[in-house]
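Participant: Only the shape, not the letters, is given here:
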């Protein structure tokens with residue numbers, strides 16, 4: 001005959017700890033996720049355009065892209081150590097008016113830049129030391145926003161092409 005097993009306290013049983021620890025860990029992880037989501041600021045959209053949301057559909061104004069395509073506009077951006085230049089590649093650019101260059105940081109909206117480039121002999125330029133530690137999404141437009149060109153400046157590169165977002169017809 002065997003001697004009866006003595007009962008151990010519940011807190012010494014490993015299975016009791018697993019039954020309690022797994023749900024507790026999931027509650028802690030859920031709270032941490034909610035806190036992280038609440039603290040994130042800014043817009044996390046990849047596209048910086050103002051959009052209208054209707055019934056789960058995002059509608060963006062493509063008129064500036066269509067206008068740039070109709071005018072057959074294209075340009076190139078060159079970045080020097082302390083200077084940014086935009087040179088027209090083809091199309092009928094208004095050469096006497098300043099242009100607005102929007103540089104969007106890939107992940108932090110607070111690091112986005114809005115620069116006004118003044119007309120120069122070859123195109124448009126501005127003295128500005130642009131950080132090259134990450135990619136930039138580029139949007140070039142006149143101040144009134146009638147047309148726009150878009151492009152991407154990869155990390156550590158000194159030039160980028162700017163063209164309408166909508167391709168050829």
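Facilitator: Happy to help now that I have it. Please read all numbers here as calculations on a predicted model, not as lab measurements. Residues are numbered from 1 along each chain as shown.

Participant: any idea how far the closest residue to residue 71 other than its chain neighbours is from residue 64?
Facilitator: Spatial nearest neighbour of residue 71, chain neighbours left out: residue 91 (5.2 Å); criterion: Cβ to Cβ, 6 or more residues apart in numbering. To be clear about C-beta, it is placed using only N, CA and C from the backbone, and glycine gets the same treatment. As judged by Cβ to Cβ, to the nearest Å, residue 91 and residue 64 stand 14 Å apart.

Participant: Looking at those two, which is more packed in?
Facilitator: residue 64 (22 against 17; other Cβ atoms under 10 Å).

Participant: Check the secondary structure at the more buried one for me.
Facilitator: helix (DSSP: H, G, I helix; E, B strand; the rest coil).

Participant: wait, what's in contact with it?
Facilitator: Residues in contact with residue 64 (Cβ atoms under 8 Å, 6 or more residues apart in numbering) are 141, 145, 146, 147, 148.

Participant: In strands, which of these appear?
Facilitator: Using DSSP state E, the subset of the contacts of residue 64 located in strands is residue 141.

Participant: Among the contacts of residue 64, filter down to the buried ones and hand me the PyMOL syntax, if you would.
Facilitator: Of those, the buried ones can be selected in PyMOL as follows, counting by 16 or more other Cβ atoms under 10 Å:
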select buried, resi 141+147+148
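
Participant: Sort the contacts of residue 64 by pLDDT and name the bottom one.
Facilitator: Within the contacts of residue 64, pLDDT reaches its minimum at residue 145, with 85.

Participant: Name the residues of the longest helix seen in the chain that come out as buried.
Facilitator: For the chain, the helix with the greatest residue count under DSSP state H is helix 14-39. Residues of helix 14-39 include none that count as buried (16+ other Cβ under 10 Å).

Participant: Report how many residues lie close to residue 68.
Facilitator: 25.

Participant: cool, and the one 5 residues further on?
Facilitator: Burial measure for residue 73: 21 neighbouring residues, criterion other Cβ under 10 Å.

Participant: Could you pull up the residues touching the nearest residue to it once chain neighbours are set aside?
Facilitator: Nearest non-adjacent residue to residue 73, counting by Cβ to Cβ, 6+ apart: residue 91, 3.6 Å away. Applying Cβ under 8 Å, 6+ apart to residue 91 gives the contacts 68, 71, 72, 73, 74.
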